[in-house]
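A.B. asks: okay, sequence plus prediction incoming.
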Amino acid sequence: MSTTPRADEPLRPSGSLARSVQLLRAFRLEQTRPDVFYGLLARDSVRELGNFVDLRGKTVLDVGGGPGYFADAFRAAGARYGAIDADAGELAAVAEPGPETVIGSGMQLPLADSCLDVAYSSNVLEHVPQPRTMAEEMLRVTRPGGTVFLSWTTWFSFWGGHETAPWHFLGGRYAADRYARKEGKRPKNDFGRSLFATHAGDMLDWARTQTEAEVVAAYPRYHPRWAHWMARVPGAREFAVWNMVIVLRKH
């Protein structure tokens, strides 16, 4: 019997080791079978976000929404969903972008202040050169009482270099150049162009100094609940946390 995950397979219990294994198995298919990885991740993300906010009737902006795998999952939860992405090709990778999608930069959101209930971003922060600026923009467009959910791959984790890992431990540029020599093309996640070193400690420092919002959670996204303590250990968390989550609530 095949052990390859399916996009529609039942989610394992939240916070369980079985869930962690399920998502990490799917992660191997990010580039070869994005429908499997992002389909599972979208449903799991909605469930995770549901721990902090009731999505029914809420206006949600997905910053870096890409090809739209998350739209169905958010709408199924009763949310009014919109997405923004800087890459028109990404938005059209699965189907023609709908009227709820906008081409724009996460570092300069084309939205008014305090206009959303939820600003959400999954695996995008490491792809912008100024991650704090993007986080501040997400906080700006969220209305008082609203929620900001940030999730990204930490640079010093094993997968920090994405397809160039584990060579990114010897330097991001070295890893990208090595990939180009071996594969005959630049990596999709090209250090200094579409991939940047984004650290858990730096973003936690940013979050904790915000006067307009409070941190309600910070934990490793793919770890079982009993391993969430790793996010509280400075230094070690940069290597032990594969993907970091920070959730803020605006005052």
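C.D. replies: Here it is on my side, so go on. This one's a predicted model, so the numbers in the text were calculated from it and none came from an experiment.

A.B. asks: secondary structure element holding Asp62?
C.D. replies: Here Asp62, judged by DSSP states H and E, is contained in strand 59-63.

A.B. asks: likewise for Ala176?
C.D. replies: helix 172-183.

A.B. asks: what residues sit buried inside the following helix or strand past that helix?
C.D. replies: Counting by DSSP H and E, the element after helix 172-183 in chain order, helix or strand, is helix 200-208. Going by neighbour count (16 or more other C-beta atoms under 10 Å), the buried part of helix 200-208 is 200, 203-204, 206-207. Bear in mind the C-beta positions are built from the backbone N, C-alpha and C, glycine included.

A.B. asks: residue ranges for the helices of this structure, please.
C.D. replies: Assigned by DSSP state H, the helices in the chain fall at 17-27, 34-49, 69-76, 88-91, 131-141, 172-183, 200-208, 236-240.

A.B. asks: in TSV: those helices, plus distance to Gly104.
C.D. replies: Conversion of the helices of the chain to TSV gives the following (distance: least, C-beta to C-beta, whole Å):
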stretch	distance to Gly104
helix 17-27	28
helix 34-49	21
helix 69-76	17
helix 88-91	11
helix 131-141	10
helix 172-183	26
helix 200-208	22
helix 236-240	30
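
A.B. asks: between those, which one is closest to Leu150.
C.D. replies: Across the helices of the chain, Leu150 has its closest neighbour in helix 131-141 (6.0 Å, C-beta to C-beta).

A.B. asks: poorly predicted segments of the chain, please.
C.D. replies: When residues are selected by pLDDT under 70, those of the chain lie in 1-5, 7, 31, 66-67, 88-99.

A.B. asks: Asp8: neighbour count?
C.D. replies: As a burial measure, Asp8 scores 10 neighbours (other C-beta atoms under 10 Å).

A.B. asks: can you tell me the closest non-neighbouring residue to it?
C.D. replies: Distances taken as C-beta to C-beta, 6 or more residues apart in numbering place Gly39 nearest to Asp8, at 6.9 Å, with adjacent residues excluded.

A.B. asks: could you double-check that the one you found lies in contact with Tyr69?
C.D. replies: Yes. Contact criterion C-beta atoms under 8 Å: Gly39 and Tyr69 qualify, at 5.9 Å.

A.B. asks: doesn't Lys185 make contact with Ala176?
C.D. replies: No. Ala176 sits out of contact with Lys185 when judged by C-beta under 8 Å, with a separation of 11.0 Å.

A.B. asks: of the two, which one has the most company?
C.D. replies: Neighbour tally, Ala176 and Lys185, criterion other C-beta under 10 Å: the higher count belongs to Ala176, 25 against 9.

A.B. asks: can you give me the end-to-end span of stretch 121-134?
C.D. replies: Across stretch 121-134, the terminal residues are separated by 10 Å (C-alpha to C-alpha, to the nearest Å).

A.B. asks: from the chain's centroid, how far away is that stretch?
C.D. replies: Centre-to-centre, stretch 121-134 and its host chain are 9 Å apart (C-alpha atoms, centre = their mean, to the nearest Å).
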